[in-house]
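Undergrad: no sequence on this one, just coordinates:
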Ligand code: RB5
């Protein structure tokens, strides 16, 4: 991971974000925390949208944390160029990179323990896109859908 990693959460993901920040420090991975800055209630669409735009603009990667990982993944995937994956174990984290070239990892702070989340983060950061033809073809189809939209 060469580029800066963006981190974001709502109130439900705030504590997990703090844990993940310490973990990333240990791994010496450069990161920027875009908020939330406390566990006071906040709306997940706001942070997910901000983070997703930054990831798309910088062609970087990010991690979003909310209660389930679901709401933020729905929002992030509305942003062009974003492939956000709500992962719940090491296997899904690896496959989301190898097969889907995910650029945002979503985590459910009310679903995962901090230790489980760290395992997922590590696997996601260490796994590259496979670049196999069938996966490139499928991602190309996603891009076409994205550019057409549905009217
Ligand atoms: C907040 O209560 C919760 O709805 C949010 O963190 C997230 O789980 C939404 O998908």
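TA: Alright, I've got the coordinates. Being a predicted model, the structure only gives us computed values, none of them experimental.

Undergrad: which parts of stretch 108-120 are buried?
TA: Within stretch 108-120, the residues that count as buried by 16 or more other Cβ atoms under 10 Å are 108, 109, 112, 117, 118, 120. To be clear about C-beta, it is placed using only N, CA and C from the backbone, and glycine gets the same treatment.

Undergrad: what about it, how long is it end to end?
TA: Start and end residues of stretch 108-120 are separated by 11 Å (Cα to Cα, to the nearest Å).

Undergrad: for the record, mean pLDDT for that stretch?
TA: Averaging pLDDT along stretch 108-120 yields 98.

Undergrad: which residues are in contact with that stretch?
TA: By Cβ atoms under 8 Å, 6 or more residues apart in numbering, the residues outside stretch 108-120 that reach it are 9, 12-13, 15-16, 19-20, 23, 65-70, 86-90, 92-93, 105, 107.

Undergrad: can you report phi and psi for residue 37?
TA: Note on residue 37: backbone dihedrals following degrees, to the nearest 10 are phi -100, psi 0.

Undergrad: for the protein, which spans come out with low pLDDT?
TA: The chain contains residues with pLDDT under 70 at 1, 151.

Undergrad: one more pass at 90, please.
TA: Applying pLDDT under 90 to the chain flags residues 1-3, 148-151.

Undergrad: and it, which residues reach the ligand?
TA: Within the chain, the positions near the ligand by Cβ under 6 Å from any ligand atom are 10, 12, 44, 66, 67, 68, 70, 71.

Undergrad: hmm, residue 121 is touching residue 97, no?
TA: No: look at residue 121 against residue 97 with Cβ atoms under 8 Å: they stay out of range, at 11.8 Å.

Undergrad: circling back: so how do I select the buried members of the residues of the chain next to the ligand in PyMOL?
TA: With 16+ other Cβ under 10 Å as the criterion, this PyMOL line picks the buried residues out of the residues of the chain next to the ligand:
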select buried, resi 10+12+44+66+67+68+71
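
Undergrad: returning to that earlier point: tell me which entries of the contacts of stretch 108-120 lie within helices.
TA: If you go by DSSP state H, those have 15, 16, 19, 20, 23, 70, 90, 92, 93 in helices.
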